[in-house]
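**Q** this one's structure only:
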Ligand SMILES: Cc1ncc(COP(=O)(O)O)c(C=O)c1O
């Protein structure tokens, strides 16, 4: 029987992650003995810091293997609130912090709380694909708004105002963003919050990359007040992708409903991971993480000018995360073909724009600087040798 006849319509509208296809092709090349430079991978190459692993081991040995509260371990919720105070100088009440199974589950909880059938959530295009798929899974309508260099690839109050309809429920902003690495300036974020507030809508801000900021002191959208929903994670800055742990800070009046949803959707976030994460905020761990953040910044400082010198268009300097979104149209073919041909010819793997929306994906590719600098340099050397041969054809 045709699988499509058996499955719900939402599944047909959710695209696979194309980056996985690049990764599969890259791994196949490696298995055949080729050397591959992986610039497609969206997770830090650094291992989880040793104090965090030690805390996990202690936790498991002491029997911390049972469910916790759906809202998370009280001491971890408290530690996250203290981190906001110490690191971002913003006061967040502990009872507004909900620990989740990755920021993916935080996004799921927030969307399940807020979005009715056919209600719209405004999103930047290009943007992180899972968000729009999540909205669709919940029978809402993700509305991608094309953004470009003029607004640092971010939504603005004006763009949100123009796109707003009677069916719009709110907007989600990622700052810093995937795939562009750009941030929303503080004043613009205030304007966005005011615009959405005046329409009685909701603002969600995905701050999963906020710890990896390279443009001065990072500020959290929690400064805007209690009504903003903020999603974050232990995955990226804390180097804990596989531990599946993140958090949501929500208005206090919604915490009870969010707890109910978490109880029903996944019971509780993973207990050993929560015990591990308690060590994330210790000075020894933060020292390791800050050193790694500086290394990411050094990689960015090498990679962006190097790609520009090769002919890629990067009109806005990324200021956070570990991605560079580059215009590859000067090389005369669409981004999917370009990425596959580059992989075959040079062994350099990167992601075609198609994963990130409908706004000229064929003209863009995403490079991740989640590999050591010597490898980045080797990747650039290989592209530098290959690209001129391409242009001659
Ligand atoms: C912008 C953004 N938000 C959310 C996530 C989800 O991450 P996690 O569930 O590991 O916290 C990712 C992962 O790449 C991301 O890039």
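**A** Everything's here; your move. Keep in mind that this is a model prediction, so the values were computed, not measured.
**Q** Got phi/psi on the closest residue to residue 375 other than its chain neighbours?
**A** Excluding the flanking residues, the one nearest residue 375 by CB to CB, 6 or more residues apart in numbering is residue 37, at 5.5 Å. For the C-beta atoms, the positions are set from N, CA and C on the backbone; glycine is no exception. Here is the backbone geometry of residue 37 (degrees, to the nearest 10): phi -100, psi 110.
**Q** hey, what's residue 37 bridged with?
**A** residue 348 (DSSP bridges).
**Q** what's the burial count for it?
**A** 22 (other CB atoms under 10 Å).
**Q** same check, this time on residue 95
**A** 14.
**Q** Could you list which residues are in contact with it?
**A** Going by CB atoms under 8 Å, 6 or more residues apart in numbering, residue 95 touches 77, 252, 255.
**Q** Return the residues in contact with whatever residue of the stretch 51-200 of the chain ends up closest to the ligand.
**A** Relative to the ligand, the nearest point of the stretch 51-200 of the chain is residue 102 (2.8 Å; CB to the nearest ligand atom). Applying CB under 8 Å, 6+ apart to residue 102 gives the contacts 233, 235, 244-246.
**Q** Of these, which pair is most distant in space?
**A** The distance between the two most remote of these (CB to CB) is 9.4 Å, for 233 and 244.
**Q** quick revisit: look up how far residue 78 lies from the residue nearest to residue 375.
**A** Using CB to CB, to the nearest Å, residue 37 is found at 42 Å from residue 78.
**Q** got it, and residue 150?
**A** Going from residue 150 to residue 78 by CB to CB gives 42 Å.
**Q** Which one of the two is surrounded by more residues?
**A** Higher neighbour count among residue 150 and residue 78: residue 78, with 14 against 9, using other CB under 10 Å.
**Q** Now for the residue nearest to the more buried one when sequence neighbours are not counted: which residues touch it?
**A** Counting by CB to CB, 6+ apart, residue 94 is the residue found nearest to residue 78 once chain neighbours are left out, at 4.9 Å. Contacts were defined as CB under 8 Å, 6+ apart; by that measure residue 94 touches 74, 77-78, 81.
**Q** Could you pull up the contacting residues of residue 53?
**A** Residue 53 touches residue 276, counting by CB under 8 Å, 6+ apart.
**Q** Just the pLDDT for it.
**A** Looking at residue 53, its pLDDT stands at 98.
**Q** Kindly confirm my reading that it is in a helix.
**A** Yes: Residue 53: assigned to a helix according to DSSP: H, G, I helix; E, B strand; the rest coil.
**Q** which SS class is residue 131?
**A** helix.
**Q** Residue 292 against residue 239, yeah?
**A** Yes: between residue 292 and residue 239 there is a contact under CB atoms under 8 Å: 7.1 Å.
**Q** more neighbours, these two?
**A** More crowded of residue 292 and residue 239, by other CB under 10 Å: residue 239, with 22 against 18.
**Q** mind checking the SS state of that one?
**A** What three-state DSSP gives for residue 239 is coil.
**Q** So it versus residue 379, what's the distance?
**A** 22 Å.
**Q** Ok, residue 162 next?
**A** 40 Å.
**Q** higher neighbour count, those two?
**A** The neighbour count for residue 162 versus residue 379, taken as other CB under 10 Å, is higher for residue 379 (26 against 9).
**Q** quick one, what contacts the more buried one?
**A** Residue 379 touches 37, 39, 346, 348, 371, counting by CB under 8 Å, 6+ apart.
**Q** Residue 206 contacts residue 103, doesn't it?
**A** Yes: between residue 206 and residue 103 there is a contact at 6.8 Å, judged by CB under 8 Å.
**Q** now the strands for the chain?
**A** Using DSSP state E, the strands found in the chain span residues 37-38, 97-100, 120-125, 141-146, 168-174, 202-206, 229-233, 246-249, 323-327, 348-349, 351-352, 364-368.
**Q** how about the ones you listed in a markdown table, adding mean pLDDT?
**A** Below are these laid out as a markdown table (pLDDT from 0 to 100):
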| stretch | mean pLDDT |
| --- | --- |
| strand 37-38 | 96 |
| strand 97-100 | 98 |
| strand 120-125 | 98 |
| strand 141-146 | 98 |
| strand 168-174 | 98 |
| strand 202-206 | 98 |
| strand 229-233 | 98 |
| strand 246-249 | 98 |
| strand 323-327 | 98 |
| strand 348-349 | 96 |
| strand 351-352 | 95 |
| strand 364-368 | 98 |
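**Q** Would you mind putting those strands into CSV with distance to the ligand alongside?
**A** What follows is those, written out as CSV (distance: least, CB to the nearest ligand atom, whole Å):
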stretch, distance to the ligand
strand 37-38, 15
strand 97-100, 8
strand 120-125, 11
strand 141-146, 14
strand 168-174, 4
strand 202-206, 5
strand 229-233, 3
strand 246-249, 4
strand 323-327, 8
strand 348-349, 17
strand 351-352, 12
strand 364-368, 10
